[in-house]
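Peer 1: Take this sequence and fold it.
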Amino acid sequence: MTMQHETRLPRVAYMKFPFRLEREGPAISTRMDHIREQVMQVLFTSPGERVFRPEFGFGARRHVFEPNAAPLWELARNRLFGSLAEALAGEVDPKTLKVEVGPGPNEPEVLLVTITYTIAALQKEESLSFTL
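Peer 2: Numbering: from 1, shown residues only. Next up, the predicted model:
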(Lines give C-alpha, C1' and ligand atoms only; values in the text may rest on other atoms or scores of the structure.)
Protein backbone atom coordinates (compact mmCIF):
# COMPACT_ATOMS: atom_id res chain seq x y z
CA MET A 1 0.00 0.00 0.00
CA THR A 2 1.55 3.31 -1.09
CA MET A 3 0.66 6.65 0.39
CA GLN A 4 0.50 9.80 -1.70
CA HIS A 5 1.54 13.09 -0.18
CA GLU A 6 -0.48 16.19 -0.95
CA THR A 7 1.81 19.05 -2.03
CA ARG A 8 -0.82 21.67 -2.84
CA LEU A 9 -2.68 23.87 -0.44
CA PRO A 10 -5.99 22.29 0.50
CA ARG A 11 -9.08 23.80 -1.08
CA VAL A 12 -11.10 24.94 1.87
CA ALA A 13 -14.46 26.61 1.60
CA TYR A 14 -15.05 29.55 3.93
CA MET A 15 -18.40 31.06 4.87
CA LYS A 16 -18.89 34.33 3.04
CA PHE A 17 -18.97 37.61 4.93
CA PRO A 18 -21.51 38.99 5.38
CA PHE A 19 -23.18 35.62 5.95
CA ARG A 20 -26.06 34.75 3.65
CA LEU A 21 -27.92 31.68 2.52
CA GLU A 22 -28.24 30.57 -1.09
CA ARG A 23 -30.31 27.82 -2.65
CA GLU A 24 -27.48 25.29 -2.12
CA GLY A 25 -26.76 26.36 1.45
CA PRO A 26 -24.51 29.03 2.96
CA ALA A 27 -22.63 31.24 0.50
CA ILE A 28 -18.93 30.35 0.38
CA SER A 29 -15.71 32.24 -0.36
CA THR A 30 -12.33 31.26 -1.75
CA ARG A 31 -9.26 31.70 0.44
CA MET A 32 -8.32 35.00 -1.24
CA ASP A 33 -11.85 36.36 -0.84
CA HIS A 34 -11.91 35.14 2.77
CA ILE A 35 -8.80 37.19 3.61
CA ARG A 36 -10.36 40.30 2.01
CA GLU A 37 -13.53 39.67 4.00
CA GLN A 38 -11.48 39.36 7.21
CA VAL A 39 -10.02 42.82 6.51
CA MET A 40 -13.56 44.22 6.11
CA GLN A 41 -14.65 42.54 9.37
CA VAL A 42 -11.80 44.17 11.26
CA LEU A 43 -12.39 47.56 9.63
CA PHE A 44 -16.15 47.73 10.21
CA THR A 45 -16.51 45.91 13.57
CA SER A 46 -16.44 48.20 16.59
CA PRO A 47 -14.42 47.18 19.65
CA GLY A 48 -16.83 45.69 22.19
CA GLU A 49 -19.28 44.55 19.52
CA ARG A 50 -18.28 40.88 19.82
CA VAL A 51 -19.12 39.38 23.19
CA PHE A 52 -16.30 36.84 23.37
CA ARG A 53 -13.70 39.07 21.65
CA PRO A 54 -14.36 42.58 22.96
CA GLU A 55 -10.98 43.89 21.72
CA PHE A 56 -11.67 42.76 18.12
CA GLY A 57 -12.20 45.41 15.46
CA PHE A 58 -11.24 48.90 14.42
CA GLY A 59 -14.60 50.66 14.46
CA ALA A 60 -14.55 52.68 11.23
CA ARG A 61 -17.95 54.18 12.03
CA ARG A 62 -16.60 56.15 14.97
CA HIS A 63 -14.04 57.86 12.69
CA VAL A 64 -16.63 59.23 10.27
CA PHE A 65 -17.43 62.36 12.29
CA GLU A 66 -13.98 62.91 13.80
CA PRO A 67 -11.82 65.79 12.53
CA ASN A 68 -9.84 64.74 9.46
CA ALA A 69 -6.39 65.70 10.76
CA ALA A 70 -2.90 64.17 10.96
CA PRO A 71 -3.05 63.20 14.68
CA LEU A 72 -6.24 61.22 14.03
CA TRP A 73 -4.68 59.54 10.97
CA GLU A 74 -1.71 58.32 13.01
CA LEU A 75 -3.92 57.04 15.85
CA ALA A 76 -6.25 55.30 13.38
CA ARG A 77 -3.34 53.79 11.48
CA ASN A 78 -1.79 52.33 14.63
CA ARG A 79 -5.09 50.90 15.90
CA LEU A 80 -5.97 49.39 12.54
CA PHE A 81 -2.48 47.94 12.06
CA GLY A 82 -2.65 46.18 15.45
CA SER A 83 -6.13 44.80 14.81
CA LEU A 84 -5.23 43.55 11.33
CA ALA A 85 -1.95 41.99 12.45
CA GLU A 86 -3.82 39.93 15.04
CA ALA A 87 -6.74 38.97 12.79
CA LEU A 88 -4.60 38.03 9.76
CA ALA A 89 -1.89 36.13 11.67
CA GLY A 90 -0.93 33.05 9.71
CA GLU A 91 -2.58 34.26 6.51
CA VAL A 92 -0.40 37.22 5.60
CA ASP A 93 3.32 37.85 6.02
CA PRO A 94 3.37 40.25 9.00
CA LYS A 95 6.45 42.08 7.66
CA THR A 96 4.51 43.09 4.53
CA LEU A 97 1.41 44.52 6.24
CA LYS A 98 1.12 48.24 5.48
CA VAL A 99 -1.70 50.54 6.54
CA GLU A 100 -2.09 54.10 5.24
CA VAL A 101 -4.72 56.48 6.60
CA GLY A 102 -5.27 60.02 5.38
CA PRO A 103 -7.42 62.32 3.26
CA GLY A 104 -8.49 61.20 -0.18
CA PRO A 105 -6.73 62.75 -3.19
CA ASN A 106 -8.37 66.14 -3.80
CA GLU A 107 -11.02 65.15 -1.22
CA PRO A 108 -10.04 66.50 2.19
CA GLU A 109 -13.51 65.66 3.53
CA VAL A 110 -13.02 61.87 3.26
CA LEU A 111 -10.77 59.50 5.15
CA LEU A 112 -8.99 57.07 2.81
CA VAL A 113 -7.73 53.78 4.27
CA THR A 114 -5.35 51.68 2.15
CA ILE A 115 -4.24 48.25 3.34
CA THR A 116 -1.49 46.31 1.56
CA TYR A 117 -0.25 42.83 2.45
CA THR A 118 1.31 39.70 0.96
CA ILE A 119 -0.44 36.34 1.25
CA ALA A 120 2.15 34.22 3.11
CA ALA A 121 1.50 30.88 1.38
CA LEU A 122 1.30 32.30 -2.15
CA GLN A 123 3.63 35.33 -2.00
CA LYS A 124 0.89 37.35 -3.75
CA GLU A 125 0.48 41.03 -2.87
CA GLU A 126 -2.98 42.49 -2.36
CA SER A 127 -4.02 46.10 -1.86
CA LEU A 128 -7.44 47.23 -0.65
CA SER A 129 -8.75 50.81 -0.36
CA PHE A 130 -11.75 52.05 1.61
CA THR A 131 -13.24 55.54 1.66
CA LEU A 132 -14.85 56.51 4.98
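Peer 1: So what's the gap between the biggest helix by length in the chain and the chain middle?
Peer 2: Looking across the chain with DSSP state H, the single longest helix is helix 70-87. Distance of helix 70-87 from the chain centroid (C-alpha atoms, centre = their mean, to the nearest Å) equals 12 Å.
Peer 1: what comes up buried for that helix?
Peer 2: Residues of helix 70-87 classed as buried by neighbour count (16 or more other C-beta atoms under 10 Å): 73, 76-77, 79-81, 83-84, 87. All C-beta spots, glycine's among them, are computed from the backbone N, C-alpha and C.
Peer 1: And it, what does it pack against?
Peer 2: helix 31-44, strand 98-104, strand 107-119 (3 or more C-beta pairs under 8 Å, 6 or more residues apart in numbering; DSSP states H and E).
Peer 1: so where's the chain shaky on pLDDT?
Peer 2: 1-11 (pLDDT under 70).
Peer 1: Swap in 50 and give it another go.
Peer 2: Scanning the chain for pLDDT under 50 picks out the ranges 1-3, 5-7.
Peer 1: Just want the most central residue of it.
Peer 2: Val39 (1.0 Å; C-alpha atoms, centre = their mean).
Peer 1: ok, it - contacts?
Peer 2: 84, 87-88, 115, 128 (C-beta atoms under 8 Å, 6 or more residues apart in numbering).
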